[in-house]
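*Asks:* dropping the sequence and predicted coords here.
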Amino acid sequence: GVTYISPQIEALGFTQAEWVADPELWFRQIHPDDQKRVLADIEQSRDGDETIRSEYRLLTRDGNLKWFLDEAVDVRDNDGKALFRQGFMLDITARKLAEETLSARERYLELLNDMTQTALLSKDIDATLHTLAIDLAKMIGADDCYITRWDAEKQLMSAEIVSANLASPDARPNRNMDELGMTASVIKAGQTLAVEDALNSSFINPEVARRSMIRSVLGIPLIAGESKLGAAIITFNDPHHFTLDELERVEYAGRQIALALQYLRQDADVQQRLKESNALAQIGRALSATEHTGTGQVLQLIVNSARDLIPQAEESVIHLLNPEEQVLIAQAVSGFVQDQVFSRVQMKLGEGVAGQVINQGTTINIGDVENDSRFVRTNSLPNFRSLLVAPVKSGDQQIGTISVQSNKKFAFTTDDAELLNALGI
């Protein structure tokens, strides 16, 4: 037991009398994670007849933590027999906090360096964003991080979501991110949004937060120049108070991610344009040699190119006009089971989307065939949700249509429409 303790023990909320009267009080107040190590330090000093020196955390009476350096030595008589143990406890909380701050700063700089290297060296956009999401979550000890991308043309979050998936690396990205609404809120605000109580916030859907087990959310806009690219959504499964230091760190990291995303997008755009140019050149060469290769091969090359070049295109078809019967007939397909296309009813001019396109000479982009009056419904339900149709021309004459379709809603962009027009000329 303790025979004497100085008045400084009152800094823990206990009186001298309480500390001396209860021999187990000291050990009970040691943080549970430190108790085993402290006992080991004591045993080691006994075996080696050395001074005890240990650093550990003590709980104050009101539950706060303080760090202490504890040193003690056995006072012995002339025969070497231990009479008592004398020592002191020094409050080193300030030093430990400074060390933890420095260590956290070093970890932050290391992560930031890793993120910068990842952004500069990688060419795979999804793999890059996955790594950045992991690093961003680790930066503030979050449970997960989602990097979402923003479609400025549609003013919607795009389908591509990259997740850190810290708890389950093989899990699919959480599609609740779309319903959560945080990306749209962050893009609209144009600044970081900290939501400490996800169940009571105007920025997100509380029902989705409850269903997703999310209790706190931090949304960082990914903006490079005038380009709104998306958002980093950092989530916590338990309530979390965001410090100013955390906000500053993730905002800086967010700017790095935005620059990386912009660079990768620009690189992907260049590669896409090069791919389009090569495809159009190949089609041009094929058209100039139709008497040797045949029109059918050229048309097949065009529909294959449409599927290959337009990211969300799952099927493509060219309908050509039969001038005698004034109907459109499928002549080349890609991605279909052949019977699915050629068994379809022939379309008269002005009927169906393809019929409307050739009759009007304009491209039609239908984001959702189930909710667009321009799409003519039949007895059977369509097996796609988005449809993009452009006219096929020979000189100034319209001779048919080329179309692509996707199972995703609002799959096609203005750029896709321009490319399809180019393929149809």
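*Replies:* That came through, no problem.
*Asks:* surely N304 is in contact with V333?
*Replies:* No: checked against CB atoms under 8 Å, the pair N304 and V333 is beyond contact range at 9.7 Å. C-beta here means a position set from N, CA and C on the backbone, and glycine is covered the same way.
*Asks:* biggest helix in the protein by residues?
*Replies:* helix 244-288 (DSSP state H).
*Asks:* okay, now the unreliable bits of the stretch 101-250 of the chain?
*Replies:* Applying pLDDT under 70 to the stretch 101-250 of the chain flags the ranges 116, 118-123, 153-180.
*Asks:* common neighbours of N304 and V333, please.
*Replies:* By CB atoms under 8 Å, 6 or more residues apart in numbering, N304 and V333 have these common neighbours: S316.
*Asks:* neighbour count: the two, which is higher?
*Replies:* Between N304 and V333, counted using other CB atoms under 10 Å, V333 has the larger neighbour count: 21 against 16.
*Asks:* tell me the secondary structure at that one.
*Replies:* Secondary structure, DSSP: H, G, I helix; E, B strand; the rest coil: V333 is strand.
*Asks:* I'd assumed V317 was in contact with it.
*Replies:* Yes: using CB under 8 Å, V333 is in contact with V317, at 4.8 Å.
*Asks:* so where do the strands sit in the stretch 101-250 of the chain?
*Replies:* Per DSSP state E, counting those that start in this stretch, the stretch 101-250 of the chain carries strands over the ranges 144-151, 156-163, 193-195, 216-224, 227-236.
*Asks:* so which of these is nearest L244?
*Replies:* With respect to L244, and counting by CB to CB, the nearest of the strands of the stretch 101-250 of the chain is strand 193-195 at 10.3 Å.
*Asks:* give me the contacts around the closest one.
*Replies:* Contacts of strand 193-195 (CB under 8 Å, 6+ apart): M182, S185, V186, S201, F203, I204, S216, V217, L218, G219, F242, L247.
*Asks:* tell me the two of those residues that are most distant?
*Replies:* Farthest pair in the contacts of strand 193-195, by CB to CB: I204 and L247, 17.7 Å.
*Asks:* ok, these two, which is more surrounded?
*Replies:* Using other CB under 10 Å as the criterion, I204 and L247 rank with I204 on top: 24 against 15.
*Asks:* now that one: how far from I233?
*Replies:* Distance from I204 to I233, counting by CB to CB, to the nearest Å: 9 Å.
*Asks:* which SS state does D62 fall under?
*Replies:* Secondary structure state of D62, per three-state DSSP, is coil.
*Asks:* excluding its backbone neighbours, what's nearest it?
*Replies:* Spatial nearest neighbour of D62, excluding adjacent residues (CB to CB, 6 or more residues apart in numbering): G13 at 6.0 Å.
*Asks:* packing partners for whichever strand or helix holds Q86?
*Replies:* Assessed by DSSP states H and E, Q86 sits inside strand 82-91. Counting contacts by 3 or more CB pairs under 8 Å, 6 or more residues apart in numbering; DSSP states H and E, strand 82-91 is packed against strand 65-76.
*Asks:* buried residues, the strand it packs on. List them.
*Replies:* Residues of strand 65-76 classed as buried by neighbour count (16 or more other CB atoms under 10 Å): K66, W67, F68, D70, A72, D74.
*Asks:* so which of the residues you listed sits lowest on pLDDT?
*Replies:* Among these, D74 carries the weakest pLDDT, at 76.
*Asks:* closest to the centroid, which residue in the chain?
*Replies:* Centroid-nearest residue in the chain, with CA atoms, centre = their mean: I147, separated by 2.1 Å.
*Asks:* from M115, how far off is that one?
*Replies:* 12 Å.
*Asks:* coming back round to it: save the strands of the stretch 101-250 of the chain as a markdown table, and put in distance to K96 too.
*Replies:* What follows is the strands of the stretch 101-250 of the chain, written out as a markdown table (distance: least, CB to CB, whole Å):
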| stretch | distance to K96 |
| --- | --- |
| strand 144-151 | 29 |
| strand 156-163 | 35 |
| strand 193-195 | 27 |
| strand 216-224 | 26 |
| strand 227-236 | 25 |
